[in-house]
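Colleague: Here you go, sequence then predicted model.
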Amino acid sequence: MELYKRLIEIVDANVINCLIPMILTLLFIKLIFKQRFEVKRTLNVIRWIIIIYTVITWTFYLIGMATTNNHEEYAFINRAAGPYAWAYWLMFLSALILPLTLLVQKLASNFWYVLLVSFAMKSGIFFERFVIITTNLQSNTLSKNGDTHLIDIITSSIGMVFLQGVIITIVILGILEVSKKNSKLTDS
């Protein structure tokens, strides 16, 4: 179970956190190059990455809830009925139900909808980062020491996520372009 958890963390850090830059890169490529590249097929690959990731992570979560003795890690009841239940349910439904709406082809072919889904999937992480940044800015303002080390780390990590998302998109797009050319050669 630990290996499975570690694999999910690796995929989460290297692919899922890069979904927004991936979709924005596709939009940029679509606007610049019009119909030159396989942008719709690449969006379809991203769609299936989201769906498969959602199914696997929630299956893992449910199995963990049912079989583990560590109920603090899977404290569903406390979070779902506590003082911030509305926020927990919003994040819960955004991470479970919203990605599964990508099974509808009409919704999945809309770049903006896939972007909304990818943002909503990780809304909890984005809110957490926002809180860290704002509290750090407040403490820097109050102490007047000018220590922006944490902010520099966060902005550089955001830059790395964007760069990684651009690279992943270009690799997927390149693979689809090569497969398209190979299929044209075999058809001839």
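Modeller: Received the coordinates, thanks. Residues are numbered from 1 along each chain as shown.
Colleague: Flag the shaky bits of the chain, pLDDT-wise.
Modeller: 68-80, 137-151, 188 (pLDDT under 70).
Colleague: Could you pull out the helices in it for me?
Modeller: With DSSP state H as the criterion, the chain has helices at 2-14, 19-33, 39-67, 76-81, 85-100, 105-108, 111-121, 123-143, 149-187.
Colleague: For the shortest one, buried residues please.
Modeller: Going by neighbour count (16 or more other Cβ atoms under 10 Å), the buried part of helix 105-108 is residue 108. In this view, the C-beta of every residue, glycine as well, is placed from N, C-alpha and C.
Colleague: Repeat that for the first one.
Modeller: When burial is assessed from 16+ other Cβ under 10 Å, helix 2-14 yields the following buried residues: 8, 11.
Colleague: helices or strands up against that helix?
Modeller: Counting contacts by 3 or more Cβ pairs under 8 Å, 6 or more residues apart in numbering; DSSP states H and E, helix 2-14 packs against helix 39-67.
Colleague: looking just at contacts, which helices and strands does the helix it packs on meet?
Modeller: Partner elements for helix 39-67 (3+ Cβ pairs under 8 Å, 6+ apart): helix 2-14, helix 19-33, helix 85-100, helix 105-108, helix 111-121, helix 149-187.
Colleague: Of all those helices, which one is nearest residue 60?
Modeller: helix 2-14 (6.3 Å; Cβ to Cβ).
Colleague: Touching the closest one from outside, list them.
Modeller: Helix 2-14 is contacted from outside by 53, 56, 57, 60, 164, using Cβ atoms under 8 Å, 6 or more residues apart in numbering.
Colleague: what does stretch 178-188 give?
Modeller: Contacts for stretch 178-188 (Cβ under 8 Å, 6+ apart): residue 38.
Colleague: go on, stretch 29-42?
Modeller: With Cβ under 8 Å, 6+ apart, stretch 29-42 has contacts from 26, 109, 111, 169, 172, 173, 176, 177, 180.
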